[in-house]
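Asks: Fold the following for me, if possible:
(2 chains)
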Amino acid sequence: MTGNNMKPYWKKLLSAVGMASCTLLGSALAMTSAHAKQVELRAELGSPVIEAGRKQTTFLKIALTGFKLDNESDRTPANIAIVLDKSGSMSGEKLQSAKQAARMAVNLLNENDIISIISYDSTVNVLVPATKVSDKRAINKAIDRMRSNGKTALFAGVSKGAAEIRKFLDKDRVNRVILLSDGQANVGPSSPSQLGDLGASLSKDGITVTTIGLGTGYNEDLMANLAGFSDGNHAFVKDAEDLEKIFKYEFGDVLSVVAQDVEIIIQCKNGIRPIRILGRDGTILGQTVKTNMSQLYSEQEKFVLIEVEVPAGKAKQQVSLADVSVAYQNMQSKKQDRLADNMQIAYSASQDDVKRALNRSVEVTATKQVANEASKKALRLRDQGQLKEAQEVLKGSARVIKRKAEMLGGSEAGILNSFSSSISQDAEVIVEEKEWNKNRKSFKAKQYKLDKQQSY
Amino acid sequence: MPQSTKHKKLMIILVLIVVLPLLMLGWQGWKIDQDNKQLNSARFNSLVSARLNQVDTVIQSYFEEMQIKWGLQIQQWNLGNDQIRKRIDDNGNIRQIFVIDAQNKRQFPPRNAAVTQSEQTFVDRLELIWRDPQMLITNRSNQIELGDSTSPQIAALTKKNSRTISPSASSYNTSSLPSLSPSLSSSSNVSSDAIAQAENEAGVQMNEQAEMAPLAKSAPSKIVERSKSRTAALKNSNKANRQGWYMWHWGSDSNLIFWQQKDNGIIVGVEMEPVRVKADLISRLPDTVPGDESSDFRLRLLDTAGQVVYQWGNYELSTSKDVPQQRRPLSYPLSSWALEYHGEPFNQSSLSRYTLLLTFLGFAFLISALAWFLYREQTREMRLAEQRVQFVSQVSHELKTPLTNIRMYAELLEEQIEDEEQPKRYVQVITDESKRLSRLISNVLNFSRAPRIHKREIYPDDVIQQSIEHFAPSLEAKQISLELALKADQEITSDPDILEQILNNLLSNVEKYAASGKRLTIKSEIKNGQYHLSVRDYGDGISKSERKHIFKPFYRINDKITEGVSGTGIGLTIARQQAQHLGGSLEYIEVSQGACFELRIPTK
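Replies: Numbering: from 1, shown residues only, chains lettered A, B, ... in the order given. Purely as a prediction, here's the structure:
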């Protein structure tokens, strides 16, 4: 919390900045139904106080944390389509593990949930059309019937999965397609951009897609795109035996959704210009930034980080930076809730003041996200065959993080230092030809996880 | 006739009896099979095309529903920028929306305000439409290829417009819309506008036009089916607004715009999310249940580039180059897409072929059994006949010895009684009759087995003379005058016994059946190395119809001549056989009165 780091001196000078931390109060005012639990909104600035007389950039972090579910019966009913790859490459242990994981997933659900199971190879088979999870034995039997064969009609599999979801599409349910694939999509549309478009299109209807890549044969760009544009999860599972674990995590997320269809609008003011959104997908239209999150999970923080350009100001001047408004579907009250906040920024002539006001946790987050953008750039360079350049980008990024760690000091330095060394490690790995296929997948999954604050 | 040849003949006949009907049956069966195949394959083809049509209908119904849905929705839309953006954000089917006002100016994406990045790419993508929004309404081909530079696109558009608009242009003129701008009232105007634009755009238009020509050529064939759904849409639009689909290709995607022109001239266009269209179509098409025998085919939906969008059915394609049994383009608006049917190459159902084969085999078995039965019966008959013949010849042989004795003693006796007229006559009768009997016996014996031939140098006329002498008494008795003209005074190599037998048979016939003619002429000569002997009587002759039968064994002419005259019916048969044994022939010669037989035997 910003307020925790503040000294009384600053409270006097910048009491208004403190407002940013009082999100709970602000949102409580906006709240209509007082009893239902609310998502927690925190809008923070990396540097709430900036140097006067100079145009500069700072980071704006809008974090949303799902409320706690008191007991399990409160959880949101799910509407899930499990789309399983049963192409020839899945034969043997992989398919067995996939079946095992699917059976386990079915067991986690109850009769309030809806499940459909779709398998695909060259063609698509709707093994279990969307149905209430009341007869688990019949569902498990259908899962057992799967035999591996043929090619990979991934697009069609997801399309059919989405069609099954749509039968019971409900904004008060968690509508999710969980896709498992171990191979290159080779029947039907199969470019990462096309699958990304599909993800985005499904997301507009309130369907998220989680993609789980198994082994080293799948196309991580395609899988990450499909998940990313629908704001689902993406995971790389190297060994089939870990599949069950990943399914467990995924269903942990799915079964703890407390809010859905989250729309965040940041309206910048006073000449403040949004430059970019880090990690997430969103639109910037003039001074308005708009972004969406598909779901918020219980006691998990998701955030959007925006870099803004702040015009030069005079010392001791204080300006309103942005209004933040959030609308979401509360899965407990089954109503749409709205939250609002306002952010302020102050100018100071003193470097010390600036340093003292620094929001260390936002700085850490921002550093990580910026480093993640660098990692993505390194990956693009690597893809173009510029190995040395890619390594340089990562090494540079590691140095920047280290400097930041030195600057911040304290416990944050530890976090950032270990992050920096992991980036240094990446820098070594990225030039290795051996196992690049596997490494690229874990790179991609790691970047994705940071982008979307995925829990696993 | 020898036994073995008879046997062979019988075998051949029986084999023919078996094989010929089977061949006939087989051929007929094959023909029926072939006809069936053709019929069934035609039936199969029509089934396949019905199936493809059905799929096409499913796909078309999607667009029809969309058309109705959007058509109604767009009318109620608030066209404020924020509202439009919200729509784009909330609807998974919409990629972008544009609004063009009555003055052909773009309202959304806004021209003078900030736009999002995706809106900017949209603006770039649809450059052509901002330039001439009416193109949406007038363009019939919907098949504009948008590449990197705009000039070839316009060139292509121009070419297509000038070719393809005309068929449905008239229907547009009838649509009673007041907001129709003058440039739209006829298709030629539009295309000339487009040409003018194109010329402004690029000087190299000609080259590019040539490049685009193949594209343009493919358009007219598609236009026919398109115009149908078009007019349907038009009828709709007469009531409320004008609307329709507009399709073009960008990258690998088939982009569809649904546009509607409101009464106030504002055009609202909705760009459909291309992958969503695909996903929606997939969700409407059937899935594949492994092991489901009713789907022993593979149907494929292909996009403009020929890439598979979706496929279903249990038939596994052997290679990616598997040739489809049928292929048809989709109906409007996705007319550049295609449906393919793959399946087992058509075979008549194996069952019917199997049945046919079984029938054939059954029939073959039956006929063979029948033939075998016939063969068995026939050979038994033949064996019996053979046995009988053998019996007769043995009996005849047994008769020969006592007869020889009788003849010998009768002749001895004849020598001893010299003067006594009466007894001498009696003995003479005994001798004659026993001679006749021995001739008869040798006839029978010759008939039942081939004679041994002992050829030697003979004067044939001497043999003839000798034979005639034997017959002289009986000829005399029947008052038959004999005319002889024997001119073959040359030695030939032949068997005199056989020659004599032949003549005996001929003369005995004359004596028996032609006594009424009272005349007998026997002529002989040697001609062309052959000995000719003709025996002619002046009796009643042989009727034409009987002539071909007279040489058959046991055949006896059945008329008043033969009535009351005993005979075996083998005389002529034997005579001819004997002639043949000597390498010659015995023929009936047609004469004006009576009958004439001519024998020819080689001289050596």
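Asks: what's the closest non-adjacent residue to B:L299?
Replies: Nearest non-adjacent residue to B:L299, counting by C-beta to C-beta, 6 or more residues apart in numbering or on different chains: B:G313, 5.4 Å away. The way it works is simple: take the backbone N, C-alpha and C, and place the C-beta from them, glycine included.
Asks: Tell me how many other residues crowd the one you found.
Replies: Using other C-beta atoms under 10 Å in any protein chain shown, B:G313 has 22 neighbouring residues.
Asks: how about it, phi and psi?
Replies: phi 110, psi 150 (degrees, to the nearest 10).
Asks: Can you verify my assumption that it contacts A:T123?
Replies: Yes. The pair B:G313 / A:T123 is scored as a contact, 7.0 Å apart, by C-beta atoms under 8 Å.
Asks: tell me, what's touching these two both at once?
Replies: Residues touching both B:G313 and A:T123 (C-beta atoms under 8 Å, 6 or more residues apart in numbering or on different chains): B:288, B:298.
Asks: Quick check, the residue in the stretch 51-200 of chain A closest to chain B?
Replies: At 3.1 Å from chain B, A:A163 is the closest residue in the stretch 51-200 of chain A, using C-beta to the nearest C-beta.
Asks: picking up where we left off before, show me the contacts for the residue nearest to B:L299.
Replies: A:123, B:288, B:295-299, B:342-343.
Asks: Looking at chain B, what residue ends up closest to chain A?
Replies: For chain B, C-beta to the nearest C-beta, closest residue to chain A: B:S283, 3.1 Å.
Asks: Show the contacting residues for the residue lying closest to that residue once chain neighbours are set aside.
Replies: Excluding its sequence neighbours, the residue lying closest to B:S283 (C-beta to C-beta, 6+ apart) is A:A163, at 3.1 Å. With contact taken as C-beta under 8 Å, 6+ apart, A:A163 is in contact with B:279, B:282-283.
Asks: which one of those has the most neighbours?
Replies: Using other C-beta under 10 Å as the neighbour criterion, B:A279 leads the contacts of A:A163 with 29 neighbours.
Asks: Confirm A:V209 sits in a strand?
Replies: Yes. Checked against DSSP: H, G, I helix; E, B strand; the rest coil, A:V209 lies within a strand.
Asks: ok, it touching A:R176?
Replies: Yes. At 7.3 Å, A:V209 and A:R176 qualify as touching, with contact defined as C-beta under 8 Å.
Asks: if we can go back for a sec, how much space separates the residue nearest to B:S283 from B:P274?
Replies: 17 Å (C-beta to C-beta, to the nearest Å).
Asks: can you point me to the longest helix in the chain?
Replies: No chain in the question, so chain A it is. helix A:360-383 (DSSP state H).
Asks: ah, I was thinking of chain B
Replies: Using DSSP H, we find that the single longest helix of chain B is helix B:3-76.
Asks: number of nearby residues for B:I574?
Replies: 25.
Asks: Low-confidence ranges, the stretch 201-350 of chain B, go.
Replies: B:201-241, B:250-252, B:319-321, B:346-350 (pLDDT under 70).
Asks: Residues of the stretch 1-150 of chain A that sit close to chain B?
Replies: A:118, A:122-126, A:147, A:149-150 (C-beta under 8 Å from any C-beta of the partner chain).
Asks: residue ranges for the helices of chain A, please.
Replies: In chain A, the helices defined using DSSP H lie at A:8-13, A:15-18, A:23-30, A:93-108, A:136-144, A:154-167, A:192-204, A:220-230, A:243-254, A:351-357, A:360-383, A:387-408, A:410-430, A:436-452.
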